[in-house]
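Q: Prediction below, plus the sequence it came from.
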Amino acid sequence: MGGSRLIWKLLGIIACVIALLMGLVWLAVDYLAADYFSVLMEKYHISPESSHAMFVEAIHAYLIWASLGGVLIAGVLSFWLLRRALGPLTAMTASTRRISSGDYTARVPVHSGDEVGQLAQAFNRMAGSLERLEGLRRELMIDIAHELRTPLTNMRGYLEALVDGVLPPTAENFRLLETDTLRIVHLTEDILKLAKADAARQDLAPVHLFVAELIATELKQIRQRFQAKGITVTHSVAKEAAIEADPHMLGQVVRNLLENACRYTPQGGWTHIVSMPATDQLTLKFSNSVDGFDAGALPFLFERFYRGERSRSRAHGGAGIGLAIVKELVEAHGGTVTALYEDAVFTIQVCLPCSLPAPKTS
């Protein structure tokens, strides 16, 4: 409906232009051609009165019929051409209604590479992004429900057993309830951290940061956990390595990577942190020994709630959000993060620009 109205508006504009041209030609005939005809008649000693009137009337008649034919042909051609040119806009309107009703699979056919075709391509990209976001939202809700169901079911079972007198109210049973409660609390905190990581691009507070000091501070907080598992931790980070970054968010990145290494490094294994500074970026590598890692899981490690069958199971704890937070925070700083596996060594590589990119304007 909107596309049809636009066609009629454009046809009205074309009709106005044709009418203006007709008026100009009409005036040209009356004031220029007619005068020239009179001068020509006088030159050859012919009475111009009757011939002049016949000439003007004939020209006017031909002009009217030619104009009507031109308007008809121009109207038909313009309607056909405009309908083809504006077809994507009409399809876009219909697709917009489908998207607003929740159908994110709607797309617009692209038949040209002009401005309208480029608009259709941009619309399809937007619809694709919305479809992916909707899929992520649904997966997130399913994953959260799945993660909460197990501890809540356990807690319900213990509470019902305690109320019915099946289980005695001992300290051990209350510790089991406490374990499931803490699991829910930790999951909630992880989800909150993930939500904050999503909004990190708008909340960056960068300072000149020496990476070696940051890693040493975070490593100090978790070193006892490494020692409890007999894991040897070494780091080779240049003291002069510095970047412009948010210390709290980059600290969260380092903390999550250290916790990930501690959780999945086997008993008596090793973890090594190394930096490779360059003129325009800083590369950090967090490597650790692993047992039985599935290399096919590498493309999915940074997805939310992803956990492989062996290397990232519930036996290790965690909900599979830590690396997703790392990815969000690193990308908020304009960097990239990748996972590598070779010769029983798992490595997460973080590349950060030495200066933050300019903020995006809407």
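A: Nice, I can see it.

Q: Could you check how far the residue nearest to residue 303 when sequence neighbours are not counted is from residue 260?
A: The shortest distance from residue 303 to any residue that is not its chain neighbour, by CB to CB, 6 or more residues apart in numbering, is 6.5 Å, and that residue is residue 324. Yep, even glycine has a C-beta here, placed from its N, CA and C like the rest. In this view, residue 324 and residue 260 are 11 Å apart by CB to CB, to the nearest Å.

Q: One more: residue 90?
A: 51 Å.

Q: Tell me where the protein has strands.
A: Using DSSP state E, the strands assigned to the chain run over residues 207-210, 232-236, 242-245, 270-277, 281-289, 336-342, 345-353.

Q: Looking at those strands, which is nearest to residue 69?
A: Of all the strands of the chain, strand 336-342 sits nearest to residue 69, with 64.7 Å by CB to CB.

Q: What are the buried residues along the closest one?
A: Burial within strand 336-342, assessed by neighbour count using 16 or more other CB atoms under 10 Å, is assigned to 337, 339, 341.

Q: And that strand, what does it pack against?
A: Contacts of strand 336-342 with other secondary structure elements, assessed using 3 or more CB pairs under 8 Å, 6 or more residues apart in numbering; DSSP states H and E, are made with helix 322-332, strand 345-353.

Q: which residues touch the last one?
A: This points to strand 345-353. Taking CB atoms under 8 Å, 6 or more residues apart in numbering as the criterion, the residues outside strand 345-353 that touch it are 243, 245, 250, 253, 257, 260, 264, 280-290, 293, 323, 326, 330, 333-341.

Q: chain center to that strand: distance?
A: Strand 345-353 has its C-alpha centroid displaced from the chain centroid by 23 Å (CA atoms, centre = their mean, to the nearest Å).

Q: cool, and stretch 181-188?
A: Distance of stretch 181-188 from the chain centroid (CA atoms, centre = their mean) equals 30 Å.

Q: how long is stretch 221-237 end to end?
A: 18 Å (CA to CA, to the nearest Å).

Q: List the contacts of that stretch.
A: Against stretch 221-237 from outside (CB under 8 Å, 6+ apart): 211-212, 215-216, 219, 255, 258-259, 262, 265, 267-275, 284, 288.

Q: again with stretch 180-187
A: Residues contacting stretch 180-187 (CB under 8 Å, 6+ apart): 144, 147-148, 151-152, 154-155, 158, 319.

Q: Report the buried members of the residues you listed.
A: By neighbour count, with 16+ other CB under 10 Å, the contacts of stretch 180-187 hold 144, 147, 151, 154-155, 158, 319 as buried.

Q: which one of those is nearest residue 175?
A: In terms of CB to CB, no member of the buried ones among the contacts of stretch 180-187 lies closer to residue 175 than residue 158, at 10.6 Å.

Q: Not counting its neighbours along the chain, what's nearest residue 337?
A: With sequence-adjacent residues excluded and distances taken as CB to CB, 6+ apart, residue 337 is closest to residue 330, at 4.6 Å.

Q: got a list of what that neighbour touches?
A: Taking CB under 8 Å, 6+ apart as the contact definition, residue 330 lies against 253, 336-337, 350, 352.

Q: if I pick residue 64, what's in contact with it?
A: The neighbours of residue 64, taking CB under 8 Å, 6+ apart as the test, come to nothing; the list is empty.

Q: Quickly note the distance from it to residue 57.
A: Taking CB to CB as the measure, residue 64 and residue 57 are separated by 11 Å.

Q: And for residue 280?
A: As defined by CB to CB, residue 280 lies at a distance of 81 Å from residue 57.

Q: next one: phi and psi at residue 102?
A: Backbone dihedrals for residue 102, given as degrees, to the nearest 10, come out at phi 110, psi 0.

Q: Tell me the spacing between it and residue 128.
A: Taking CB to CB as the measure, residue 102 falls 16 Å from residue 128.
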